[in-house]
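> how would this look folded up:
(chains A, B and C)
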Amino acid sequence: MHSTGFLGLNGPRAPDPMTFAAAVLAWIADPAHWVGFDGIPTRVGEHLTMSVTALALSLAIALPVGLALGHTGKGGAVAINIANVGRALPSLALIALALPVAFGLGLGLGFWPTMFALVPLGLPPIITNTYVALRSIDPDLIEAARGMGMREWDLLRRVEIPVAAPVIIAGVRNAAVAIVATATLGAIVASGGLGRYIVDGLARQDQARLFVGAVLVALLAIGAELALALFERLVVPVGIRHAARAPDTWSAPR
Amino acid sequence: MTPGEPLVRWDWIFSHLGDVGQRLGEHLLLTGIAIGIGFVLSLCLAQLVRSWSWLYGPITWITGVLYTIPSLALFAFLIPITGLSRLTAEIGLVSYTLLIMTRNIVAGLQAVPADVRESAIGMGYTDRQLLWRIEMPLALPVILAGVRVATTTTIGLTTVTALIGQGGLGYFILEGILRFFSTPLLVGAFLSIALAVAVDSALVLYQRLVTPWAR
Amino acid sequence: MHQERYRAPVTRSAAQTPGGVSVELRGVSKRYGGGATAFIGVDNISLAIAPGDFCVLVGPSGCGKTTTLKMVNRLIEPTSGQIFIDGQDISTLDAVELRRRIGYVIQQVGLFPHQTIAENVATVPRLLGWDSERIRRRVEELLSLVGLDPGVVRRRYPTQLSGGERQRVGVARALAAEPPLMLMDEPFGAVDPIVRGRLQDEFLRLHAQLGMTVMFVTHDIDEAIKLGTTVAVFSEGGCLAQHAPPSRLLASPASDYVARFVGSDRVIKRLALISLADVALELGAGPQGAPTLARTSNLRDALSTLLSTRADAVTVVGEDGVAIGAISMERIRMALDDVARSWPENEASSEGPAGRTH
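Numbers count the residues shown, from 1 in each chain, chains lettered A, B, ... in the order given. The predicted structure follows:
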């Protein structure tokens, strides 16, 4: 197809490993890469800020919706279809589609278009997992709770949410990893974050920058996954820990 | 995006129909190769797990890490080695399918009821006959569910490979972003989603056809 | 001399059925793990089953009866000892070939959910490479044999049948290649009592008709006594406590364990096994107005009638309705004593082949 990259980069021959390693180390060691707006701490900070904001907004929208659907048992088809449609949404397209929206609202490039892409990306796994988690609770348990005189709110708070927690958190975990990964793509629409190193590295044919950016993004994504796994262990009651992970019906394109 | 410019310029679309068709085919090819290779590899991994069950942990751990690494980062890792090539794109795309498909194949095989397996062995099925005549057909719905998830995910991910000079429909999305031109952007996004929905529906239909007992 | 009978004794007699093979277990043990933590599944069992016999392995759960059964088709390999089928040591045979010659039915049936009923029944013939016309005819024949309408069920899937129908298909599938030996692991355990009774009756009929050897596992002593020509009672720890025909098992249990296992009502169970036709009756009809019973009834029916009508004796009538004698409480007691006396203590042991007749 194309021997040249879309960004005008020629397909490079594999560099000598030693030279390449030296270049990467030199790039990391360069103090200029640790300060200022394009420094590693700033880029990590931007990436985390975007990801955490997007995840918080996603949770604020998706959790009430998922809980309402799951508790009442209504809208099951909706909840499941959200997952299917969500999975089909390409993240690059989401970013791209967010661009005209942000422009239309006069919010410009960078942060907001990225946010418009990341928040919708986080919704489906949380809504679907919350719905499925609540619906798959043993009906006997619900009946017993009602039989003891729990009101709907008590039932949700004391029984349904704790029992469904592992599956809900698994959904949040999926959302978080998808958001962290896609925040990288935000660099294409001029947002900050670690994606900058990759996109700029590609554009400038700077393979050391490209490589360091890739390592940092990979570490951040794996770190997010592990941190949420740890969180899951901390908040899930011992008695239902064996209930394990959600059946992974959801996965986001990144 | 440019003020005064309509969101969709139909004349652009009509004048680029050939281009659209070519990119669509490219997209299908990239996805098809990734799913095909990914499926065969996943089958092999599932076979390893079937023979040595302790391998399940390490295999899901490794494929899980591959799955967690953002696509752009994975491509960036590969560029110094395999360049801006289709090979780079395929290695990335294949590595994302492994976790889902391996896990579903293993889960599908394990979900075969013990009594069915026992009576098959008791009636004299060889190990290979048991796998291909009993276990695989019964695991088919779960396996196909994995293939569906992997396929829709891969169709979305393929757009990202536009950044390394591949990309199929992603080409239009990137072109739209870089030229501030909403028409190709929307064409790329819409066709990518439509393709995912169409392929997913086709797989559902296929599953209904090949699992008449589940109806 | 009394001849013990159960149901249709002539067709069920071992000697007249060429359709079965002998099975012999010689000092068979199965241990799991080693050293001090070893768990004994089956402990040094010796058991001989004559061709055409219906041997029921019965015992509490975890007593090794299922393990014993699975060693016969080599789903489990014994730790020590030998198993012979038709005189051949099965450890010298190919396990897959062996299994194709043995019918196997389990409680959960294990029908293949992705295959139609016809395909399920055709499993072993297809493995054996029969031609399709022969398979088709055999499937029709088998489905009719187990009381299903081939035209109706052939193209259905297992989920579209009731539990009892599925179990019939399971039996048909096991019978497909005319196996001289059937292994059945609690095959009727998962259906309701009424269906179970019907399936038992039908399977007894099949056994009488086809004459194969059957090894049948159950935990239900009543099922064991109803079905078996011989019953092997297992005790915990995988030991064989006694192997004998049902009547002898009830009349002279080899140990307290067996006596407890067959139940405190074993006398009543024994009565059900003795036909009025085999009992020395009082001559002449009973007293005026006494209740009557056909000679095909058993002693349990007689006792029940005596107790419920408060009569002193029951008149026994032949097929033509003519009185051929009478039976009283005293006679029932005598009949039981006679049967018990006909086996010396030492003969009622668990060792050695236990034929149906004595």
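> residues near the spatially closest residue to residue B:159 that is not a sequence neighbour, how many?
Spatially, and ignoring its direct neighbours in sequence, residue B:159 is nearest to residue B:170 (3.3 Å; C-beta to C-beta, 6 or more residues apart in numbering or on different chains). C-betas here are computed from N, CA, C, even on glycine. Using other C-beta atoms under 10 Å in any protein chain shown, residue B:170 has 30 neighbouring residues.
> which residues touch residue B:170?
Taking C-beta atoms under 8 Å, 6 or more residues apart in numbering or on different chains, we find residue B:170 in contact with A:90, A:92, B:27, B:158-163, B:188, B:192.
> Among those residues, which one is most surrounded by other residues?
Going by other C-beta under 10 Å, residue A:92 tops the contacts of residue B:170 with 34 neighbours.
> Next one: that residue from residue A:125, what distance?
With the distance defined as C-beta to C-beta, to the nearest Å, residue A:92 ends up 19 Å from residue A:125.
> Give the full set of residues in contact with the spatially most central residue of chain B.
Centroid-nearest residue in chain B: residue B:151, 3.0 Å away (criterion: C-alpha atoms, centre = their mean). Residue B:151 makes contact with B:31, B:35, B:196, B:199-200, B:203, according to C-beta under 8 Å, 6+ apart.
> Just give me how far the helix or strand harbouring it sits from the chain centre.
Assigned by DSSP states H and E, residue B:151 falls within helix B:136-158. Relative to the mean C-alpha coordinate of its chain, helix B:136-158 is positioned 7 Å out (C-alpha atoms, centre = their mean, to the nearest Å).
> Could you tell me the angle between the next helix or strand after that helix and helix B:136-158?
Per DSSP H and E, the first helix or strand lying C-terminal to helix B:136-158 is helix B:170-178. Relative orientation of helix B:170-178 and helix B:136-158, computed by axes from the mean of the first three to the mean of the last three C-alpha atoms, to 10 degrees: 30 degrees.
> Give me the average confidence score over helix B:170-178.
When pLDDT is averaged over helix B:170-178, the result is 86.
> After it, which helix or strand is next? Please name it.
Sequence order places helix B:182-210 as the next helix or strand after helix B:170-178, per DSSP H and E.
> touching chain A at all, that following helix?
Yes. Interface with chain A: helix B:182-210 contributes B:182, B:185-186, B:188-189, B:192-193, B:196-197, B:200 (C-beta under 8 Å from any C-beta of the partner chain).
> Could you export the helix holding residue B:151 as PDB, CA atoms only?
Presented in PDB, the C-alpha positions along helix B:136-158 are these (Å, rounded to 0.1, in the frame of the first residue of the first chain):
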ATOM      1  CA  MET B 136     -15.600 -27.600  19.700                       C
ATOM      2  CA  PRO B 137     -19.200 -27.700  18.300                       C
ATOM      3  CA  LEU B 138     -20.600 -27.300  21.900                       C
ATOM      4  CA  ALA B 139     -18.100 -24.500  22.600                       C
ATOM      5  CA  LEU B 140     -19.000 -22.800  19.400                       C
ATOM      6  CA  PRO B 141     -21.500 -20.200  20.800                       C
ATOM      7  CA  VAL B 142     -19.000 -19.000  23.400                       C
ATOM      8  CA  ILE B 143     -16.100 -19.100  20.900                       C
ATOM      9  CA  LEU B 144     -18.100 -17.100  18.400                       C
ATOM     10  CA  ALA B 145     -19.000 -14.600  21.000                       C
ATOM     11  CA  GLY B 146     -15.300 -14.000  21.500                       C
ATOM     12  CA  VAL B 147     -14.800 -13.700  17.800                       C
ATOM     13  CA  ARG B 148     -17.600 -11.100  17.600                       C
ATOM     14  CA  VAL B 149     -16.000  -9.000  20.400                       C
ATOM     15  CA  ALA B 150     -12.600  -9.400  18.800                       C
ATOM     16  CA  THR B 151     -13.900  -8.500  15.400                       C
ATOM     17  CA  THR B 152     -15.800  -5.300  16.300                       C
ATOM     18  CA  THR B 153     -12.800  -4.200  18.500                       C
ATOM     19  CA  THR B 154     -10.400  -4.800  15.700                       C
ATOM     20  CA  ILE B 155     -12.500  -3.000  13.100                       C
ATOM     21  CA  GLY B 156     -12.400   0.100  15.400                       C
ATOM     22  CA  LEU B 157      -8.600  -0.400  16.100                       C
ATOM     23  CA  THR B 158      -7.800  -0.700  12.500                       C
END
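> Quick check: mean pLDDT of that helix?
Mean per-residue pLDDT for helix B:136-158: 90.
> Between helix B:182-210 and it, find me the angle.
Using the same axes, to 10 degrees: helix B:136-158 against helix B:182-210 is 180 degrees.
> What parts of chain B come near chain C?
Counting by C-beta under 8 Å from any C-beta, the residues of chain B near chain C are B:113-126, B:129, B:134, B:137-138, B:140, B:211-213.
> correct me, but residue A:183 touches residue A:193?
Yes. Residue A:183 lies in contact with residue A:193 (C-beta atoms under 8 Å); the separation is 5.2 Å.
> Compare these two (neighbour count), which wins?
Neighbour totals were compared for residue A:183 and residue A:193, and residue A:183 leads with 34 against 31 (other C-beta under 10 Å).
> Can you name the helix or strand that residue B:84 falls in?
Secondary structure assignment for residue B:84, by DSSP H and E: no helix or strand.
> Phi and psi next, for it.
Dihedral pair for residue B:84: phi -90, psi 70, per degrees, to the nearest 10.
> Read off the pLDDT value for residue C:106.
pLDDT, residue C:106: 89.
> Just to check, it is in contact with residue B:119?
Yes. The pair residue C:106 / residue B:119 is scored as a contact, 5.8 Å apart, by C-beta under 8 Å.
> any shared contact partners between the two?
Contacts common to residue C:106 and residue B:119, judged by C-beta under 8 Å, 6+ apart, are residue C:170.
> Residue A:166 and residue A:66, how far apart?
14 Å.
> In terms of neighbours, single out the busier of those two.
Set residue A:166 next to residue A:66 and count neighbours by other C-beta under 10 Å: residue A:66 wins out with 27 against 23.
> ok, and the helix or strand in the chain with the lowest average confidence?
Reading this off chain A. helix A:76-88 (a mean of 74; mean pLDDT, DSSP states H and E).
> That was the other one, I meant chain C.
One helix or strand of chain C scores below all others by mean pLDDT, DSSP H and E: helix C:9-12, with a mean of 38.
> Report the buried residues of the helix or strand just after that one.
From helix C:9-12 onward toward the C-terminus, using DSSP H and E, the following helix or strand is strand C:23-32. Within strand C:23-32, the residues that count as buried by 16 or more other C-beta atoms under 10 Å in any protein chain shown are C:23-25, C:28-30.
> Likewise for stretch A:61-80?
Neighbour-count burial for stretch A:61-80 [16+ other C-beta under 10 Å]: A:61-63, A:65-71, A:75, A:79.
> do the same with stretch B:11-21
Of all the residues in stretch B:11-21, those buried under the rule 16+ other C-beta under 10 Å are B:16, B:20.
> Equivalent analysis for stretch B:172-179, please.
Buried residues in stretch B:172-179, counting neighbours by 16+ other C-beta under 10 Å, are found at B:172-177.
> and if you look at stretch A:161-172?
Here stretch A:161-172 shows A:161, A:163-172 as buried, counting by 16+ other C-beta under 10 Å.
> ok now that stretch, how far from the chain's centre?
Using C-alpha atoms, centre = their mean, the offset of stretch A:161-172 from its chain centre is 16 Å.
> Restrict it to CA atoms and write it as PDB.
Presented in PDB, the C-alpha positions along stretch A:161-172 are these (Å, rounded to 0.1, in the frame of the first residue of the first chain):
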ATOM      1  CA  ILE A 161     -24.500  -2.700  45.400                       C
ATOM      2  CA  PRO A 162     -22.200  -4.600  47.800                       C
ATOM      3  CA  VAL A 163     -23.000  -7.900  46.100                       C
ATOM      4  CA  ALA A 164     -22.600  -6.500  42.600                       C
ATOM      5  CA  ALA A 165     -19.500  -4.600  43.500                       C
ATOM      6  CA  PRO A 166     -16.900  -6.900  41.900                       C
ATOM      7  CA  VAL A 167     -18.600  -6.800  38.500                       C
ATOM      8  CA  ILE A 168     -19.300  -3.100  38.700                       C
ATOM      9  CA  ILE A 169     -15.600  -2.400  39.600                       C
ATOM     10  CA  ALA A 170     -14.600  -4.700  36.700                       C
ATOM     11  CA  GLY A 171     -16.600  -2.400  34.400                       C
ATOM     12  CA  VAL A 172     -15.000   0.700  35.900                       C
END
